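**Q** could you look at this predicted model? Sequence included:
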Amino acid sequence: MASLQDQFLKAGLVDKNKAKKLHQDKTQQKKVERRTGSESVDEARLAALEVQRKNAERARELNAQRDAAAAQKAVFAQIVQMVQTNRQSKGVGDIAYYYTHGTKIDKIYVSAEVQKHLIAGRLVIVCLDGKTELIPRVIADKIAERDESLVVRVKKASTEVDEDDPYAAFQIPDDFTW
């Protein structure tokens with residue numbers, strides 16, 4: 001294999017005199033370095049090393065982002081699989097069950113038995129890809145470990161009465177529907 005200098009000469013990019021002059025300058029510089037004991041700084045080499053370091057750093061960042069995206073996708077796949085294998089029937093009913101998901105109030109129609117399970121906390125609502133599914137609380141806890149935003153928690157009514165509440169004497173019945 002020919003050297004780079006020979007390739008440039010053959011391509012006509014450099015003439016023979018210029019190549020000879022560069023070779024002489026290089027050997028003279030090496031001779032001076034040996035005599036003085038100091039090394040000259042090769043700026044092109046340093047620039048190339050800097051570019052190589054930056055490229056390696058950028059490649060590491062891209063790999064970290066790619067790995068994070070793959071891990072997130074794998075977690076979502078686990079959640080989807082848990083929901084599909086453990087979803088419960090909503091029952092054939094016309095009872096509207098209202099719940100809040102984030103800032104939105106939504107409702108699903110369930111049977112009376114399913115409503116009792118939801119109120120008791122045995123069943124939990126999971127919102128996944130715009131669909132609502134009912135799953136057991138144990139599975140919902142596992143999903144919440146992976147992504148809390150998908151699980152709708154039903155807050156139990158507090159039995160404590162505020163001292164300043166003017167409506168404390170008026171109790172709301174349990175079977176109250178909106």
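**A** That came through, no problem.
**Q** only C-alpha atoms for contact and neighbour calcs from this point on.
**A** Noted.
**Q** which strands and helices sit next to the helix ranked longest in the chain?
**A** Counting residues, the longest helix found in the chain (DSSP state H) is helix 43-86. When contacts are defined as 3 or more Cα pairs under 8 Å, 6 or more residues apart in numbering; DSSP states H and E, helix 43-86 sits against strand 131-136, helix 137-146.
**Q** any idea which helix or strand carries Asp6?
**A** Using DSSP states H and E, Asp6 sits within helix 4-11.
**Q** now do the buried residues in that helix.
**A** Neighbour counts over helix 4-11 (16 or more other Cα atoms under 10 Å) mark no residue as buried.
**Q** low-confidence ranges in the protein?
**A** Across the chain, the ranges flagged by pLDDT under 70 are 1-2, 39-41, 154-162, 172-178.
**Q** doesn't Ile105 belong to a helix?
**A** No: under DSSP: H, G, I helix; E, B strand; the rest coil, Ile105 falls outside any helix and is assigned strand.
**Q** what bridges to the closest residue to it other than its chain neighbours?
**A** Once flanking residues are discounted, Ile105 sits nearest to Tyr99: 5.8 Å by Cα to Cα, 6 or more residues apart in numbering. Beta-bridge pairing for Tyr99 (DSSP bridges): Asp106.
**Q** got the domain ranges for this protein?
**A** Split into domains by automatic domain parsing, the chain comes to 9-34, 46-156.
**Q** quick one, which of these is packed in tightest?
**A** Mean neighbour count, computed with mean count of other Cα atoms under 10 Å, is highest for domain 46-156 among the domains of the chain, reaching a mean of 14.
**Q** check contacts around His117.
**A** Leu123 (Cα atoms under 8 Å, 6 or more residues apart in numbering).
**Q** now do the SS call for it.
**A** Classified using three-state DSSP, His117 is helix.
**Q** hang on, the earlier thing: the residue nearest to Ile105 and Pro166: what is the separation?
**A** 26 Å (Cα to Cα, to the nearest Å).
**Q** picking that back up, relative to Val126, how far out is the residue nearest to Ile105?
**A** Distance from Tyr99 to Val126, by Cα to Cα: 11 Å.
**Q** any common contacting residues for these two?
**A** Taking Cα under 8 Å, 6+ apart as the criterion, Tyr99 and Val126 both touch Val152.
**Q** the residue nearest to Ile105 contacts Tyr109, doesn't it?
**A** No: taking contacts as Cα atoms under 8 Å, Tyr99 lies outside contact range of Tyr109: 11.2 Å.
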